[in-house]
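**Q** Need the 3D shape of this:
(2 chains)
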Amino acid sequence: MSSDFLLPGQPVPLPKGPLPQLGKGLYIKDSQVRASLVGVPRYEGSTLAITRVRPHPPAPNSVVLGTVTRLSPIQALLSVSVVDGIPLPPGEEFTGVIRSQDVRATEKDKVKIGDCFRGGDVVRGVVISLGDARSYFVTTARNDLGVIFATSEAGHTMEPVSWQEMRCPKTGSIEKRKCAKPEGL
Amino acid sequence: MAQSGFDRRRINGPEESFPPFFEADNSPKSQSIRTTRSPKEIRPIFLQPGLILQANGSAYVETERAKIACAVYGPRQSKNTAYSEKGRLNVEVKFTPFSCERRRAPLRDAEDRSIAVAVQQTLLSSVRLELFPKSTIDVFVVVIEADGIEACIASASVAASTALANAGIEMFGLVVSCAACIIEDDVWLDPTQDEASQAQGVLVFSCMPALGKVTSIWESGQMKPSEALACIDVCEERCSEIHSVVAQALLSATQHQ
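**A** Below is the predicted model:
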């Protein structure tokens, strides 16, 4: 096994033929494929990569989970704590922004941020761009994206009743949220 | 007593004072010859990745008296900086108060920073920073005991590169580095504090042996071009040996996980 482990800079032994697509942990320099991480390169379909499960910063198209920290009429601020299913170390959160035009796919101009999110809600979103100096731009404009956990004004965990509403099981009050469609339905 | 400057409320010293006498130091300093190793040999290296559990990656390096710990955190979001396509590599070097012969104040001073810049320069071209937009990688080096500043820079870069690999940060290759000095027209490798103080010039050479690329050369003091080239040649040779030490340490650490 030990001979299969590669170190950064070490050439990757490849069978003759066309080069495979290179994924993470590999790079090509002077027409020689080399490793850039410690590990064993493996094929995932047609791409060759060294995979290491470790926290990484958000990139476009990564699915993120975060808590809403601040609301304004034009955007909601998000503290991103999970990127692509991998939790970030405590204290190393990234900040994301959901602009009002990115909340849902239709009737974008009628979106009221206050009717879609509240402070403390846990939101699932997808990163659309690296954004500006401060934050990443996140969208919830998909059925499976939106609020996945919220508490009512009375402090109880609410359950979704439609894609726009959530209900408190104790008081029965209805609050407005942009809900994510639960998985497996 | 009309003596000016006499104050009865304080403890006054004697009226007359004499400088202390020391026995004449007969042994000339340049005679302190290395006994444990030959001039072209380096001190044995102990390298252990992954000792600091809170950090994403870490390494501890010990070469005889010199002891250095290094921790890598991140990539984390860069705060208070402008948007940048590439990531930033932030290196901080700290000396413990008891690390040198003279006690060091726990504040950062100019020397810490110049060493941090030297270490950053050795690492900068090895890290694939284009993969970390808007992010910062923090490298913290703590010098627990120093024995020669140049050897300290060399060990710190080796430790930092090992810690980066341990943290799983993508890089082009492992950086190793080696220090050399010129004493009486001769090349001495890996100088200690005493040897470096006698040297005419000192050089720290850093490279990526896997790629055959030099990342940085840092020189201080006086050195003829031919001497500098001789130093570089010897260092390059030793660097491939240090590289195998680093490779061995990383492989055994990965297999134990």
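
**Q** Flag the shaky bits of the chain, pLDDT-wise.
**A** With no chain named, the answer covers chain A. Flagging of chain A using pLDDT under 70 yields the residue ranges A:1-3, A:185.

**Q** To clarify, I was referring to chain B.
**A** For chain B, the ranges with pLDDT under 70 are B:1-5, B:25-33, B:257.

**Q** Near chain A, which residues of the stretch 51-200 of chain B are found?
**A** Within the stretch 51-200 of chain B, the positions near chain A by Cβ under 8 Å from any Cβ of the partner chain are B:56, B:73-77, B:81-83, B:126, B:128, B:132-135, B:165-168, B:170-174. In this view, the C-beta of every residue, glycine as well, is placed from N, C-alpha and C.

**Q** And the strands in the stretch 1-150 of chain B, which stretches?
**A** In order along the chain, the stretch 1-150 of chain B carries the following strands (DSSP state E, counting those that start in this stretch): B:45-49, B:57-63, B:66-77, B:88-95, B:135-145.

**Q** Ok, which of those comes nearest A:Arg70?
**A** The stretch from these with the least distance to A:Arg70 (Cβ to Cβ) is strand B:66-77; that distance is 16.2 Å.

**Q** Run a quick neighbour tally on A:Glu159.
**A** The criterion is other Cβ atoms under 10 Å in any protein chain shown. On that basis, A:Glu159 has 12 neighbouring residues.

**Q** Correct me if wrong: it contacts A:Arg167.
**A** Yes. Contact criterion Cβ atoms under 8 Å: A:Glu159 and A:Arg167 qualify, at 6.0 Å.

**Q** Neighbours of B:Leu211, how many?
**A** One way to gauge burial is a neighbour count; for B:Leu211, by other Cβ under 10 Å, it gives 20.

**Q** and if you look at B:Gln248?
**A** Using other Cβ under 10 Å, B:Gln248 has 11 other residues around it.

**Q** Backbone dihedrals for the closest residue to chain B within chain A, please?
**A** Using Cβ to the nearest Cβ, the single residue of chain A nearest to chain B is A:Gly9, 2.8 Å away. When quoted as degrees, to the nearest 10, the phi and psi of A:Gly9 stand at phi 100, psi -10.

**Q** Surely it touches B:Cys207?
**A** No. If you go by Cβ under 8 Å, A:Gly9 and B:Cys207 don't touch, sitting 10.9 Å apart.

**Q** what comes up buried for the host helix or strand of B:Glu195?
**A** Counting by DSSP states H and E, the secondary-structure element that holds B:Glu195 is helix B:193-198. Counting neighbours by 16 or more other Cβ atoms under 10 Å in any protein chain shown, one finds that the buried residues in helix B:193-198 are B:193, B:195-196.

**Q** Who are the contact partners of residue 142?
**A** No chain specified, so I'll use chain A. Taking Cβ atoms under 8 Å, 6 or more residues apart in numbering or on different chains as the criterion, A:Arg142 is in contact with A:105, A:126.

**Q** my bad, chain B
**A** Counting by Cβ under 8 Å, 6+ apart, B:Val142 touches B:68-71, B:94-96.

**Q** what would these look like in CSV with neighbour count?
**A** Below are these laid out as CSV (neighbours: other Cβ atoms under 10 Å in any protein chain shown):
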residue, neighbour count
B:Ile68, 27
B:Ala69, 23
B:Cys70, 32
B:Ala71, 23
B:Lys94, 18
B:Phe95, 22
B:Thr96, 16
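
**Q** Looking at those residues, which is nearest chain A?
**A** Taking Cβ to the nearest Cβ as the measure, chain A sits nearest to B:Ala71 out of those, at 12.6 Å.

**Q** Okay, and the beta partners of the closest one?
**A** According to DSSP bridges, the partner residues bridging B:Ala71 are B:Ser58, B:Phe140.

**Q** That one is in contact with B:Ile52, isn't it?
**A** Yes. With contact defined as Cβ under 8 Å, B:Ala71 counts as touching B:Ile52 (4.8 Å).

**Q** what do those two both touch?
**A** The overlap between the contact sets of B:Ala71 and B:Ile52 (Cβ under 8 Å, 6+ apart) consists of B:Ser58.

**Q** Same question for the longest helix along chain B: list its buried residues.
**A** When chain B is parsed with DSSP state H, its longest helix is helix B:225-256. Of the residues in helix B:225-256, those with enough neighbours to count as buried (16+ other Cβ under 10 Å) are B:227-228, B:230-232, B:234-235, B:238-239, B:242-243, B:245-247, B:249-251, B:253-254.
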